[in-house]
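Student: Here is a sequence together with a model predicted from it:
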Amino acid sequence: MKVKIGLIWRIVIAIALAIGLGLLVPMIGEGFAELFVSFFATFNMIFGGFLNFVVPLIIIAFIAPGIAKLGKGSGKLLGVATIIAYLSTIAAGILAFFSATTLLPNFIGNFADATVKEGTRVPAEAFFELEMTPVMGVMSALLIAFLFGIGMAAISSKSMLAVFEEFNDLIERVISFVIIPLLPVHIFGIFLNMTYSGEVAKVLSVFAVVFIMIIVLHLLMLTIQYTIAGSLSGRNPFKLMKIMAPAYFTALGTQSSAATIPVTLRQARKTGASERVTDFSIPLFATIHLSGSTITLVSCAIGVMLMNDMPIVFSSFLGFIFMLGVTMIAAPGVPGGAVMAAVGLLSSMLGFSEAMVALMIALYMAQDSFGTATNVTGDGALAVIVDKFTKDNVPTSDSQ
């Protein structure tokens, strides 16, 4: 019987092995240890370069057709649903920023002071350097994606959309069959080097603190969303949350908003929102509403920046949050798709290095299922809100 191990568990195993080997290998001999760690540092250099090369292609492949598809449907309902989803995502990012910048510096500062003296070796370097220059920058890719996405929606181009959808399928296969399977090896190499150089204690301490904070923020965001929905609809917000609970627990298992749509749709219909609104908005929100993922990304990014003593400025992060809400539209429907879509912004807007991106991915993946569960559960609240504002402007489900 073939046993399938999920991505999160593969990453957990990779981190555990990296820490174990990072402590064990130096006992065999310093020369062998440096050679062993440098081998994986070389792999990380190649994988990181390939990831940077693919990022602009990911942005074009997923954002352009995503925007084009948003052009279909009833005008008012589509507009209201999109605005509400985007505002919810932005609000989640701002909530995460102020919470993380208030709470994390105390914990991370203490851990850094306690562990900084443990580093006794210089991190191992790759055997050689291999340059993989992206075909374009992240901002150029975003502009091209917007240009083609809006253009296809404006002229209702079916032939061009078909090309972009095939390009989307191609890039998603690269993510599913190359990047995602190799991620545990990449993270193994990063943690192996950190253990070898004596930095891993600080990193694991930060992981624990960030994990707990993000779970609390997810629950707080859901409470805010359902309080607003309950106030507008005259329903008990906690009863609405109870109705949507099956969608939350389903998403914990699937790690995919798209895969959870049937359950989310069934439960959303029970909230009292009209069936026509839920049939239209729930599949749409599965693509464009990412409040849970945004909380995770912003919180993890701040954690990684604090670990590296980088300045954190609200004005810079606000721009990052605004772009994040757009960049994650139609993110790949695989575990970790949101962080893959956000890699370009982390590098270009926040100045993340390849090692920081790898840490970010590891931090995010540990939280991925909880972020997805928060996304889909919040979709139920947003459907109730949209129903309140579009009573007389509801298309049939065939209009999608």
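Tutor: Done, it's in.
Student: Would you map the helices across the stretch 201-350 of the chain?
Tutor: 237-254, 261-269, 275-288, 291-307, 314-327, 337-350 (DSSP state H, counting those that start in this stretch).
Student: do you know which of these lies nearest N52?
Tutor: For N52, the closest of the helices of the stretch 201-350 of the chain is helix 337-350, at 7.1 Å, according to CB to CB. All C-beta atoms are positioned from the backbone trio N, CA, C, and that covers glycine.
Student: about what we covered before: nearest to F389, out of the helices of the stretch 201-350 of the chain?
Tutor: Distance to F389, taken as CB to CB, is lowest for helix 275-288 among the helices of the stretch 201-350 of the chain, at 9.8 Å.
Student: so where is this protein shaky, pLDDT-wise?
Tutor: Counting by pLDDT under 70, the chain has low-confidence residues at 1-3, 7-8, 70-76, 109-121, 202, 253-256, 259, 329-336, 392-400.
Student: mind redoing it with 50?
Tutor: Along the chain, segments meeting pLDDT under 50 span 112-119, 393-400.
Student: Please, where are all the strands along the stretch 101-250 of the chain?
Tutor: Along the stretch 101-250 of the chain, no segments are classed as strands by DSSP state E, counting those that start in this stretch.
Student: For burial, what's the neighbour tally of E172?
Tutor: E172 has 17 neighbours, counted by other CB atoms under 10 Å.
Student: ah, wrong one, I meant L346
Tutor: So L346, with other CB under 10 Å, has 25 neighbours.
Student: got it, and V163?
Tutor: Per other CB under 10 Å, the neighbour tally for V163 reads 14.
Student: That one and L170: what is the separation?
Tutor: For V163, the distance to L170 equals 11 Å [CB to CB, to the nearest Å].
Student: Of all the helices of the stretch 201-350 of the chain, which one is nearest M132?
Tutor: Of those, nearest to M132 by CB to CB is helix 337-350, at 13.6 Å.
Student: who touches that closest one?
Tutor: Identification of contacts with helix 337-350 by CB atoms under 8 Å, 6 or more residues apart in numbering yields 51-52, 55-56, 58-59, 62, 137-139, 141, 175, 179, 290, 293, 297, 301, 305, 310, 316-317, 319-320, 323-324, 327-328, 331-332, 352, 356-357, 360-361, 364-365, 368, 371.
Student: how much does the strand or helix carrying I90 deviate in direction from helix 314-327?
Tutor: Here I90, judged by DSSP states H and E, is contained in helix 75-115. Between helix 75-115 and helix 314-327, the angle comes out at 130 degrees (axes from the mean of the first three to the mean of the last three CA atoms, to 10 degrees).
Student: Output the contacting helices and strands for helix 75-115.
Tutor: In terms of contacts (3 or more CB pairs under 8 Å, 6 or more residues apart in numbering; DSSP states H and E), helix 75-115 is packed against helix 200-233, helix 275-288, helix 291-307, helix 314-327, helix 354-389.
Student: Now do that helix: distance to the chain's middle.
Tutor: The chain centroid and the centroid of helix 75-115 are separated by 12 Å under CA atoms, centre = their mean, to the nearest Å.
Student: quick one on the thing from earlier: so which of the helices and strands packed on helix 75-115 is the most surrounded?
Tutor: Stretch with highest mean neighbour count among the helices and strands packed on helix 75-115: helix 291-307 (a mean of 28; mean count of other CB atoms under 10 Å).
Student: Return the list of helices and strands in contact with that one.
Tutor: Packing contacts for helix 291-307, counted by 3+ CB pairs under 8 Å, 6+ apart, involve helix 75-115, helix 200-233, helix 314-327, helix 337-350, helix 354-389.
Student: Compare the helices and strands packed on helix 75-115 and give me the one nearest A258.
Tutor: For those, the distance to A258 is smallest for helix 275-288, at 5.4 Å, taking CB to CB.
Student: Give me the angle between the closest one and helix 261-269.
Tutor: Angle, helix 275-288 to helix 261-269, by the same axes, to 10 degrees: 130 degrees.
Student: any idea of the angle helix 275-288 forms with helix 354-389?
Tutor: Using the same axes, to 10 degrees: helix 275-288 against helix 354-389 is 170 degrees.
Student: Helix 275-288 vs helix 237-254, what angle?
Tutor: Going by the same axes, to 10 degrees, helix 275-288 makes 50 degrees with helix 237-254.
Student: I'd like the distance from helix 275-288 to the chain centre, please.
Tutor: On CA atoms, centre = their mean, the centre of helix 275-288 falls 21 Å from that of its chain.
Student: Give the other helices and strands that that helix contacts.
Tutor: Packing contacts for helix 275-288, counted by 3+ CB pairs under 8 Å, 6+ apart, involve helix 30-70, helix 75-115, helix 261-269, helix 354-389.
Student: Tell me the helices and strands packed up against the third one.
Tutor: Helix 261-269 makes packing contacts with helix 237-254, helix 275-288, helix 354-389 when contacts are defined by 3+ CB pairs under 8 Å, 6+ apart.
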